[in-house]
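Asks: Please find the sequence and the predicted model below.
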Amino acid sequence: MRPIRQARAMADFGVLHEGINAGGGAEAVGLHTVSALADAGHEVTLYTTGEPDLRTLADDYDLDFPAEVRVRSVRTPAISAVNHAATLARPLGVTDFPLLRTAVFERVVARRYRPDHDRLVCTHGEFQVDGAVEYVHFPYFSADAMRRYDTRFAESLYPAYHRVCRTVKRRESDAETLTLTNSAWTADVLHETLGTDATVVHPPVAVDAFDPPTWTEQESGFVAVGRLHPLKRQDELVEVVAGLRERGIDTHLHLVGSDGSAEYADRLRAQAREFDWLHVEGRVARDRLVSLLERHRYAIHGRRYEHFGIAVAEALAAGCLPFVHASGGQQEVVAGIDALRYEDVPSAVTTTASVLDSSETQASLRDRLDGRAAQYSRDRFERAMREAVESTLR
């Protein structure tokens with residue numbers, strides 16, 4: 001690594017994000033990090049796989065990258081071999097090897113390009129390379145963390161696959177590594193499972209895209225945002241709203257998100273044909289999503305152990321009262337308010353009913369959450385991320 005320059009002087013950063021085209025919240029972290037560092041005048045190279053088009057990504061994420069930002073698509077026989085192995089494994093139900101591809105990609109970039117930069121900044125997760133900055137969404141390479149907070153270790157082949165990924169990862173000494181993460185909950189998981197101390201920098205949320213109407217103009221219904229997949233537990237959300245209606249509460253539910261599991265999505269659509277209060281919207285355009293959230297008073301989130309919960313923060317910005325499972329980082333978005341948290345379907349019915357039945361409770365909750373969404377803005381993320389990365393140059 002070349003000599004470090006003085007703090008605030010222009011530096012040269014390599015930003016790693018394998019799969020920048022994936023289109024999720026993690027990719028928003030990567031692209032806004034590139035934007036923040038480039039806008040500050042630093043030299044930035046984005047390392048990724050595939051064929052990213054920075055102009056298209058800028059449009060998708062409402063960003064304006066300086067022309068000087070460089071993109072390097074990393075291709076090696078090792079990465080190609082991982083992709084080929086995933087193709088061969090599809091008959092077994094395996095569609096991808098993301099952890100293994102990520103580990104191989106990181107080794108290639110660190111070995112080839114680390115000397116070219118003042119710092120490497122990894123925004124897709126654990127990097128574990130001396131002198132780097134890592135933004136950890138969740139410690140996916142920790143077997144302990146995965147067993148506690150994920151379901152994949154229950155799959156017959158996953159423990160062996162995970163062991164291979166950990167072997168390729170080969171953690172180096174992290175004495176100089178700066179670890180950032182998305183929530184206090186994830187920071188606690190990192191400390192418990194890896195002994196790593198992390199600084200919380202909440203991910204960027206497009207809170208300024210929302211301009212909700214007055215509460216009286218909003219419908220007394222729920223919106224749930226997230227890919228249609230068993231992990232998101234939309235089937236349980238349907239049970240919650242059905243339970244509310246059995247209590248005589250006139251409400252409804254919109255499910256918004258792409259098909260994460262075709263079989264699961266088909267079951268939800270079959271229920272929608274049976275219940276006129278259930279609307280499976282599927283994947284919708286951004287303006288449609290914004291409109292749905294702004295038009296409804298309530299949002300509900302079924303995912304357990306969510307690492308942060310961008311959909312929950314967007315619902316908050318849209319003027320909704322969001323109900324979340326009492327686990328994970330999504331609790332922080334609703335300020336840990338008990339009236340907005342639930343443990344299971346029966347408690348969710350009881351919790352939401354107590355709010356829907358009381359205009360005074362609704363007003364009190366809105367007052368407590370007023371202005372909270374602003375702390376998750378994209379400007380706030382870029383400023384915090386830039387300051388954190390630049391602090392490593394001192």
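Replies: Now that the structure is in, tell me what you want to look at.

Asks: alpha carbons only for contacts and neighbour counts from here, please
Replies: Fine.

Asks: all helices for the stretch 1-150 of the chain, in order.
Replies: 25-39, 54-60, 77-89, 98-113, 143-149 (DSSP state H, counting those that start in this stretch).

Asks: mind listing the strands for the stretch 101-250 of the chain?
Replies: Ranges of strands in the stretch 101-250 of the chain, per DSSP state E, counting those that start in this stretch, are 119-122, 133-136, 178-181, 199-200, 219-225.

Asks: Export the ones you listed as a markdown table, with columns for mean pLDDT.
Replies: A markdown table is the format used below for those (pLDDT from 0 to 100):
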| stretch | mean pLDDT |
| --- | --- |
| strand 119-122 | 96 |
| strand 133-136 | 96 |
| strand 178-181 | 96 |
| strand 199-200 | 98 |
| strand 219-225 | 97 |
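
Asks: lowest average confidence, helix or strand, in the protein?
Replies: Using mean pLDDT, DSSP states H and E, the weakest-scoring helix or strand in the chain turns out to be helix 77-89, at a mean of 63.

Asks: circling back to that earlier point, export the helices of the stretch 1-150 of the chain as CSV, with columns for mean neighbour count and distance to Gln128.
Replies: Formatted as CSV, those follow (neighbours: other CA atoms under 10 Å; distance: least, CA to CA, whole Å):
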stretch, mean neighbour count, distance to Gln128
helix 25-39, 23, 17
helix 54-60, 14, 27
helix 77-89, 14, 19
helix 98-113, 18, 9
helix 143-149, 16, 16
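
Asks: Of the strands of the stretch 101-250 of the chain, which is nearest Leu99?
Replies: strand 133-136 (13.4 Å; CA to CA).

Asks: Off-centre distance for the closest one?
Replies: 14 Å (CA atoms, centre = their mean, to the nearest Å).

Asks: repeat for stretch 101-110
Replies: The chain centroid and the centroid of stretch 101-110 are separated by 21 Å under CA atoms, centre = their mean.

Asks: Number of residues surrounding Ser364?
Replies: 11 (other CA atoms under 10 Å).

Asks: distance between the ends of stretch 229-237?
Replies: End-to-end span of stretch 229-237 (CA to CA, to the nearest Å): 12 Å.

Asks: for stretch 152-164, same thing?
Replies: Span of stretch 152-164 from end to end, CA to CA: 15 Å.

Asks: Other residues contacting that stretch?
Replies: The contact list for stretch 152-164 (CA atoms under 8 Å, 6 or more residues apart in numbering) reads 99-100, 141, 143, 146-147.

Asks: Next, the buried residues of that stretch.
Replies: 153, 159, 162 (16 or more other CA atoms under 10 Å).

Asks: Make a markdown table out of the contacts of stretch 152-164 and add pLDDT.
Replies: Below are the contacts of stretch 152-164 laid out as a markdown table (pLDDT from 0 to 100):
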| residue | pLDDT |
| --- | --- |
| Leu99 | 87 |
| Leu100 | 88 |
| Phe141 | 93 |
| Ala143 | 94 |
| Met146 | 94 |
| Arg147 | 94 |
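
Asks: Mind picking the two most distant members of the residues you listed?
Replies: Maximum distance among the contacts of stretch 152-164 (CA to CA): 18.0 Å, for Leu100 and Arg147.

Asks: Okay, and the beta partners of Thr48?
Replies: Ser73 (DSSP bridges).

Asks: Contacts only, for it.
Replies: Contacts of Thr48 by CA under 8 Å, 6+ apart are 16-20, 71-74.

Asks: Just the buried subset of the residues you listed, please.
Replies: 16-20, 71, 74.

Asks: The stretch 151-300 of the chain: helices as residue ranges?
Replies: Using DSSP H, counting those that start in this stretch, helices in the stretch 151-300 of the chain cover 158-169, 184-194, 234-246, 262-274, 286-295.

Asks: Lowest average confidence across these, which one?
Replies: Confidence, taken as mean pLDDT, is least for helix 158-169 of the helices of the stretch 151-300 of the chain (a mean of 88).

Asks: Work out the gap between that helix and the centre of the chain.
Replies: Relative to the chain's own centre, helix 158-169 is displaced by 23 Å; criterion: CA atoms, centre = their mean.

Asks: what's the answer for stretch 208-220, then?
Replies: 24 Å.

Asks: What residues sit buried inside it?
Replies: 210, 212, 215, 218, 220.

Asks: between those residues, which is nearest Ser327?
Replies: Nearest member of these to Ser327, counting by CA to CA, is Ser220, at 25.5 Å.

Asks: so that closest one sits right up against Thr251, yeah?
Replies: Yes. Counting by CA atoms under 8 Å, Ser220 touches Thr251, with 5.8 Å between them.
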